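Colleague: The sequence and its predicted three-dimensional model are supplied below.
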Amino acid sequence: SDQNRMFLLNLKTGEKTYATKGFDQNAGSIAWSDDSKSIYFTSDWHGAFQVYKYNLKKSSIDQVTEGLHDYRSVAIANKTLVTTKQTMSQPTEIFTVNEKNGEGTQITFTNDDLLSQLKMGKTEEKWVKTHDGEDMQVFVIYPPDFDPNKKYPAILYCKGGPQGPLSQSFHYRWNYQIMAANDYIIVAPARRGVSGFGQAWQEQISGDYHGKSMQDYLTAIDEMAKEPYIDEHRLGAIGASAGGYAGWVYTVDNDWYRFANVSTSSTENVSQLDRLGIASAAGPGAAELVIGLDNVEEYSAGYDAAQR
């Protein structure tokens with residue numbers, strides 16, 4: 001996917017300013033300050049969405065918030081930064097942010113009654129080396145009553161897209177905590193194609209969807225399977241859309257066949273990629289762009305064989 005960049009246009013002169021030049025991240029949810037001297041926006045980096053501030057006079061960008069959370073929107077109200085925030089363990093609520101120290105203060109508590117009845121599992125950030133020596137971020141979500149002396153089955157979460165963020169979303173469809181609550185350990189790798197690690201990492205998947213990103217998935221689950229509390233004989237893969245496609249590739253490729261696979265809303269016949277899930281991200285010619293022209297017939301044939 002293209003990088004979401006921020007430009008300023010002088011309506012009198014027509015001059016354009018590339019405000020986020022050199023900022024190798026996406027920019028979204030833009031809000032002007034009351035004095036029009038600054039622009040606040042959100043951006044994902046290393047698995048979390050933060051609030052940033054662009055200074056028009058200095059042409060500089062400063063990070064306002066830190067931490068593992070998703071600030072997905074920002075607005076100005078009475079000279080106060082108002083945001084929406086969520087984590088893997090908390091649905092979206094409204095927060096204010098102190099610009100001086102970056103601290104957030106929760107001001108809505110919509111879900112407290114429900115959350116008080118639930119026990120959330122621990123979420124953990126890990127970094128592993130990929131097969132080609134790159135550093136890859138992996139999030140692990142544990143069962144609520146995790147016991148390191150027990151053996152747990154593990155589920156490899158295959159992100160859809162294929163491009164976009166894998167962050168601190170409290171997802172209302174693919175909810176890590178719900179899966180973990182059934183005594184699974186969830187492994188969610190930020191494989192090639194995920195945003196928030198620079199444009200080169202995000203773009204790599206285009207034309208190579210069956211290549212490095214697939215190896216990244218395997219690296220993540222293989223590394224976690226070394227842990228004494230994971231049962232290496234009970235591994236699963238789950239995903240939808242492009243993530244569902246990943247599951248099908250593991251199913252039809254004997255070199256990768258090691259999982260129980262749950263695939264929903266996926267592009268089951270690769271020849272249909274132009275009309276289904278991946279096309280929404282890649283546009284016309286998606287099959288050729290995402291997995292490479294030479295592989296369309298190969299994987300379509302593999303899927304047909306698997307159905308027989």
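Modeller: On my side now, so go ahead.

Colleague: Mind checking what secondary structure D113 has?
Modeller: Here D113 is recorded as helix under DSSP: H, G, I helix; E, B strand; the rest coil.

Colleague: Surely G133 is in a strand?
Modeller: No. Counting by three-state DSSP, G133 is not found in a strand; it is coil.

Colleague: per-residue confidence at it?
Modeller: With respect to pLDDT, G133 scores 96.

Colleague: max-length helix in this protein?
Modeller: The longest helix of the chain (DSSP state H) is helix 212-225.

Colleague: and after that one, which helix or strand comes next?
Modeller: Note on helix 212-225: by DSSP states H and E, the next helix or strand toward the C-terminus is strand 230-240.

Colleague: ok, that next one: who's next to it in the sheet?
Modeller: Applying DSSP bridges, strand 230-240 is found paired with strand 152-158 (parallel), strand 260-264 (parallel).

Colleague: These: lowest mean pLDDT?
Modeller: The stretch with the lowest mean pLDDT among those is strand 260-264, at a mean of 55.

Colleague: what about the helices in the stretch 51-200 of the chain?
Modeller: Along the stretch 51-200 of the chain, the stretches classed as helices by DSSP state H, counting those that start in this stretch are 112-115, 176-180, 199-203.

Colleague: And those helices: which comes nearest K12?
Modeller: Nearest of the helices of the stretch 51-200 of the chain to K12, taken as Cβ to Cβ: helix 199-203 at 32.2 Å. Any C-beta I mention is one placed from the backbone N, CA and C, and that applies to glycine too.

Colleague: So what touches that closest one?
Modeller: Here helix 199-203 makes contact (Cβ atoms under 8 Å, 6 or more residues apart in numbering) with 1, 3, 24, 163, 192-195.

Colleague: Go through the helices of the stretch 51-200 of the chain and pick out the most buried.
Modeller: helix 176-180 (a mean of 20; mean count of other Cβ atoms under 10 Å).

Colleague: tell me what it is packed against?
Modeller: With contacts taken as 3 or more Cβ pairs under 8 Å, 6 or more residues apart in numbering; DSSP states H and E, helix 176-180 sits against strand 135-141, strand 185-189.

Colleague: can you redo the ones you listed as a markdown table with distance to A48?
Modeller: What follows is the helices and strands packed on helix 176-180, written out as a markdown table (distance: least, Cβ to Cβ, whole Å):
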| stretch | distance to A48 |
| --- | --- |
| strand 135-141 | 10 |
| strand 185-189 | 13 |
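
Colleague: closest one to I155 among those strands?
Modeller: I155 lies closest to strand 185-189 among the helices and strands packed on helix 176-180, at 5.3 Å (Cβ to Cβ).

Colleague: coming back round to it: quick one: which of the contacts of helix 199-203 is nearest A154?
Modeller: Checking the contacts of helix 199-203 against A154 by Cβ to Cβ gives V194 as the nearest, at 19.7 Å.

Colleague: Just give the nearest non-adjacent residue to that closest one, would you?
Modeller: In space, and not counting its chain neighbours, V194 is closest to L166: 4.8 Å by Cβ to Cβ, 6 or more residues apart in numbering.

Colleague: can you count the residues close to the one you found?
Modeller: L166: 23 surrounding residues under other Cβ atoms under 10 Å.

Colleague: Next, work out how far apart it and V138 are.
Modeller: Note on L166: its distance to V138, by Cβ to Cβ, to the nearest Å, is 10 Å.

Colleague: Now that we have the contacts of helix 199-203, which of them are buried?
Modeller: Those of the contacts of helix 199-203 that meet the buried threshold are 1, 163, 192-195, by 16 or more other Cβ atoms under 10 Å.

Colleague: follow-up on the earlier one: figure out how far the longest helix of the chain is from the centre of its chain.
Modeller: 16 Å (Cα atoms, centre = their mean, to the nearest Å).

Colleague: before we move on, what about stretch 179-196?
Modeller: With Cα atoms, centre = their mean, you get 9 Å for stretch 179-196.

Colleague: Show the average pLDDT along it.
Modeller: Averaged across stretch 179-196, the pLDDT comes to 96.
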